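A.B. asks: my questions concern the predicted model and sequence given below.
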Amino acid sequence: MAQRCYVVGNWKMHGMRADLSEARAIDRASLRLPKVEVAIAPPATLIATLRETVTQIGVGAQNCHRSEKGAHTGDISAPMLREAGADFVIVGHSERRADHGETNDDVKAKAEAAQAVDLGVILCVGESEEQRDSGEAEEIVARQLADCLPASAQRLSVAYEPIWAIGTGRVPSVQDVGTMHKWLRAVLMDRYGDEGKEIRILYGGSVKGDNAAELLSVPEVGGALVGGASLTADGFVPIIAAASALDEG
Ligand SMILES: O=C[C@H](O)COP(=O)(O)O
């Protein structure tokens, strides 16, 4: 069965209670666009409230600890996120790798911790500008993915996010996105066999209403992980609408 396109907003360190009105508007719009699976990952402080606020869209977290509990001041575990109302968690975002020194081993452990409590996982990978310029982006990102993959494909999605495209307004060519997604699909099938065919591979990095249709129509692109443009209904709904229109086309 063909899966719905998955469009996920990562609010990063943005969002106060007042911003939930945007999430409500996105939720209402999503009711009119049921062919697309929509979700928002707000900051942890808003997960429980967002869960109670929306009815159509998924609610996720942006990180979890690799352990279930313990002496880890300031951290939040996967079971805690689940209890707060999260459906999924993003792991391995390049901002977490850069800001908190997360390694591929950490990312894999976090993904497995999330799966252990039946949270969906969006596992992020992506190359730096230097790696792209050196002509080795595909090999490097495919290896990064192979090193991060959890033992099971349960509720797993992957997000390809070239670091140089995040928040910059720059996007790779559709050819480059297509080539990368093909490589990532090969890694997933190599690891999980036929199950690897079903894993959605999202594209992330400067997705907006005006480039979403083009990016989402690339073969093997199963959705989008959206930062800045997901913070408002005006920015996010056109992306969801573009995904919905593609499905009809
Ligand atoms: O997780 C989302 C990405 O980092 C993309 O962010 P952006 O849409 O602001 O470029």
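C.D. replies: That came through fine.

A.B. asks: for the rest of this, base every contact and every neighbour count on C-alpha atoms.
C.D. replies: Fine.

A.B. asks: quick one: contacts of the lengthiest helix in the chain?
C.D. replies: In terms of residue count, the longest helix belonging to the chain (DSSP state H) is helix 174-192. Under the criterion CA atoms under 8 Å, 6 or more residues apart in numbering, residues 138, 141-142, 145-146, 152-153, 160, 195-197, 199, 201, 203, 214-215, 218-221 lie in contact with helix 174-192.

A.B. asks: now do the buried residues in it.
C.D. replies: Neighbour counts using 16 or more other CA atoms under 10 Å place 177-178, 180-188, 191-192 of helix 174-192 among the buried residues.

A.B. asks: go on, stretch 221-237?
C.D. replies: For stretch 221-237, by 16+ other CA under 10 Å, it's 221-233, 235-237.

A.B. asks: just the buried residues of the contacts of helix 174-192.
C.D. replies: 138, 141-142, 145-146, 153, 160, 196, 199, 201, 203, 215, 218, 220-221.

A.B. asks: what are the buried residues along stretch 156-171?
C.D. replies: Going by 16+ other CA under 10 Å, stretch 156-171 has these buried residues: 156-167, 171.

A.B. asks: per-residue confidence averaged over it?
C.D. replies: The pLDDT scores in stretch 156-171 average 97.

A.B. asks: export that stretch to PDB, keeping only CA atoms.
C.D. replies: Provided in PDB are the C-alpha atoms of stretch 156-171 (Å, rounded to 0.1, in the frame of the first residue of the first chain):
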ATOM      1  CA  LEU A 156      11.500   4.400  11.200                       C
ATOM      2  CA  SER A 157      11.800   7.300   8.800                       C
ATOM      3  CA  VAL A 158      15.100   8.900   7.600                       C
ATOM      4  CA  ALA A 159      15.600  12.600   6.800                       C
ATOM      5  CA  TYR A 160      18.300  13.700   4.400                       C
ATOM      6  CA  GLU A 161      19.300  17.200   5.400                       C
ATOM      7  CA  PRO A 162      22.400  18.700   3.700                       C
ATOM      8  CA  ILE A 163      23.800  20.900   6.500                       C
ATOM      9  CA  TRP A 164      24.600  23.700   4.100                       C
ATOM     10  CA  ALA A 165      20.900  23.900   3.000                       C
ATOM     11  CA  ILE A 166      19.500  24.200   6.600                       C
ATOM     12  CA  GLY A 167      18.100  27.700   7.200                       C
ATOM     13  CA  THR A 168      20.100  29.200   4.300                       C
ATOM     14  CA  GLY A 169      17.600  29.300   1.500                       C
ATOM     15  CA  ARG A 170      19.900  27.200  -0.600                       C
ATOM     16  CA  VAL A 171      18.700  23.800  -1.900                       C
END
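
A.B. asks: and the lowest-mean-pLDDT helix or strand in the chain, what does it pack onto?
C.D. replies: Sorting the helices and strands of the chain by mean pLDDT, DSSP states H and E puts helix 233-248 at the bottom, at a mean of 94. Counting contacts by 3 or more CA pairs under 8 Å, 6 or more residues apart in numbering; DSSP states H and E, helix 233-248 is packed against strand 5-10, helix 20-32, strand 36-41, helix 212-216.

A.B. asks: out of these, which is closest to the ligand?
C.D. replies: strand 5-10 (5.0 Å; CA to the nearest ligand atom).
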